[in-house]
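Q: Test case, fold it:
(one chain, ligands or ions: 1)
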Amino acid sequence: MYKAPRGTTDILPAEQPYWRYVEGQAEAVCQLYGYQRIETPMFEDSRLFVRSIGQETDIVGKEMYTFEDRSGDSMTLRPEGTASVCRSYLERGMQSLPMPVKLYYFASVFRYERPQAGRFRQHHQFGFEAIGEADPALDAEVIDMAWQLYLSLGFKNLSLVMNSIGCKKCRPVYLRHLKEYYYKHVDRLCPDCKRRLEQNPLRLLDCKQPACHELAEGAPKSSDYLCAECAEHFQRLKKHLSTLGIPYQLDHRLVRGLDYYTRTVFEVQPEIEGAQSTMGGGGRYDNLIEELGGAPTPAVGFATGMERIVLNLKRQNIAVPPIPGPLVFVAYLGEQAKEEALKLSTELRRAGVGVLLSLGERSLRAQLRHANTVSARYTLILGQEEVESAQVQVRDMGQGTQERVPSAGIIAELARRLKQS
Ligand code: HAM
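A: Residues are numbered from 1 along each chain as shown. Coordinates of the predicted model:
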């Protein structure tokens with residue numbers, strides 16, 4: 001027996017109502033905020049991700065699905081969506097569009113992680129990026145949009161945590177102080193953090209090891225080292241969020257796992273604590289486009305894991321609308337009736353009525369049972385007698401009533417009844 005690769009899953013029909021529901025709400029929110037859909041390839045030149053996400057991050061260091069293609073080029077299955085969108089923005093000349101350029105995507109994402117509840121090696125993200133505007137009102141709008149998505153899905157008890165990690169100008173000063181602090185406690189750090197201290201000291205703040213976590217509590221805070229511009233940006237963002245009535249908490253340890261962020265970073269978490277609890281995260285990345293070869297272009301965005309949303313919808317017992325199947329089942333008895341049933345089913349489908357046609361030779365009772373299990377509203381029954389008299393038995397499955405109607409008007413009649421109900 002073959003098995004799906006570890007850390008992947010099949011999204012079976014029973015799960016689909018959750019996925020369609022989330023996608024529908026996400027699309028609706030994008031329309032409200034003026035975002036347009038983009039699709040980018042599932043794999044890219046590996047250098048794109050190394051450059052944008054950062055050599056010293058877990059994603060680039062340990063989690064990428066990288067392979068050499070047949071011409072010897074290094075390719076990587078996308079481990080996130082932002083870098084690809086920025087690559088496309090530059091390559092397809094979107095710089096000439098009115099700013100900000102607002103794009104959203106649904107993308108499968110690949111990270112070689114240790115699988116557990118809510119953590120997969122292939123997961124799916126819904127994300128959106130607003131490129132070309134530095135105004136903190138845009139940060140507020142992006143945060144508001146993420147927040148509204150979760151509210152529209154029916155979530156309660158979520159928290160929004162936020163931080164500012166400064167810019168090229170002020171961050172080096174902060175990092176110096178952060179390193180000094182950690183050097184004083186280096187013997188208490190986990191081996192990973194000892195190694196990261198030189199290359200990527202920000203990462204130490206979100207280490208989950210108990211000793212490191214405790215040390216992070218007392219570490220210098222990036223928000224205390226912001227330059228005047230970053231401090232003002234953060235101040236104005238907080239004011240905008242208060243104006244919008246969005247409740248946020250500040251967390252000086254929030255740094256996110258990708259190196260491209262500048263200034264604003266934020267995450268949305270459900271009330272259940274734990275490493276895999278983050279439902280979505282994002283922030284500003286004002287240097288990324290320039291690092292990828294473009295002109296200096298500020299940008300901000302967000303992404304949320306579809307699997308984590310579905311997991312939390314279930315945890316919070318949020319009901320989602322079912323996906324209706326065909327409302328009509330067509331049953332028959334006998335060879336000639338079968339031909340008529342086949343014809344009738346096709347005519348109904350051409351008229352826009354969904355039909356499930358019985359197959360094989362089964363008793364009427366077995367066919368009605370089948371109709372019940374697929375929740376058909378009506379079953380049309382054809383037997384020799386019906387064929388000869390050009391009639392059809394129409395059975396209302398809810399009421400258990402049955403009547404004979406002329407075949408001639410059956411399509412219009414059924415369409416009318418289904419519309420009515
Ligand atoms: P991220 O925080 O790495 O950000 O991923 C976004 C979301 O994807 C997470 O909050 C989580 O819900 C989900 N996720 C991540 N890894 C996994 C996994 N292994 N299994 C299941 N779900 C997962 C980004 O990727 C950024 N590109 C977000 C962004 C957009 N920043 C600016 N624009």
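Q: for stretch 30-40, which positions count as buried?
A: Within stretch 30-40, the residues that count as buried by 16 or more other Cβ atoms under 10 Å are Cys30, Tyr33, Tyr35, Ile38, Thr40. Just so you know, the C-beta spots here come from the backbone N, C-alpha and C atoms, and that holds for glycine as well.
Q: which ones are touching the fourth one?
A: To tie it back to what came earlier, the one meant is Ile38. Val85, Ser88, Leu103, Tyr104, Tyr105 (Cβ atoms under 8 Å, 6 or more residues apart in numbering).
Q: now, among the buried residues of stretch 30-40, which is nearest to Ser222?
A: Among the buried residues of stretch 30-40, Tyr33 lies closest to Ser222 (Cβ to Cβ), at 28.2 Å.
Q: Please report how far Phe329 lies from Gln384.
A: Distance, Phe329 to Gln384, by Cβ to Cβ, to the nearest Å: 19 Å.
Q: Tell me which of these two has more neighbours.
A: Phe329 (27 against 13; other Cβ atoms under 10 Å).
Q: Surely the more buried one is in a strand?
A: Yes: judged by DSSP: H, G, I helix; E, B strand; the rest coil, Phe329 forms part of a strand.
Q: quick one on the thing from earlier: just send the buried residues of stretch 30-40 back as TSV, with distance to Leu138 too.
A: Formatted as TSV, these follow (distance: Cβ to Cβ, whole Å):
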residue	distance to Leu138
Cys30	15
Tyr33	11
Tyr35	12
Ile38	18
Thr40	22
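Q: Looking at those residues, point me to the pair that's furthest apart.
A: Farthest apart among the buried residues of stretch 30-40 - using Cβ to Cβ - are Tyr33 and Thr40, which lie 20.3 Å from each other.
Q: ok, and for the strand or helix carrying Glu385, which residues are buried?
A: Using DSSP states H and E, Glu385 maps to helix 384-389. Buried positions in helix 384-389, judged by neighbour count with 16+ other Cβ under 10 Å: Glu386, Val387.
Q: Stretch 211-221 now?
A: Result for stretch 211-221 [16+ other Cβ under 10 Å]: buried residues Cys212, Leu215, Ala216, Ala219, Pro220, Lys221.
Q: ok, those residues vs the ligand, which is closest?
A: The ligand lies nearest to Ala216 out of those, by Cβ to the nearest ligand atom, at 18.2 Å.
Q: confidence score at that closest one?
A: Looking at Ala216, its pLDDT stands at 95.
Q: do the same with the one 10 residues further on
A: Among the per-residue scores, Leu226 holds a pLDDT of 98.
Q: Dihedrals phi and psi, it?
A: With angles defined as degrees, to the nearest 10, Leu226 sits at phi -70, psi 140.
Q: what's the closest non-adjacent residue to Glu149?
A: Quick fix: residue 149 is Leu, not Glu. Nearest non-adjacent residue to Leu149, counting by Cβ to Cβ, 6 or more residues apart in numbering: Val29, 4.8 Å away.
Q: how far is the helix or strand that that neighbour is a member of from where the chain is centred?
A: Per DSSP H and E: Val29 is located in helix 16-33. In terms of Cα atoms, centre = their mean, to the nearest Å, the centre of helix 16-33 is set 9 Å apart from its chain centre.
Q: Run through who's touching that helix.
A: Residues contacting helix 16-33 (Cβ under 8 Å, 6+ apart): 11, 36-37, 102, 104, 106, 126, 128, 141, 145, 148-149, 152-153, 306, 309-310, 313-314, 320-323.
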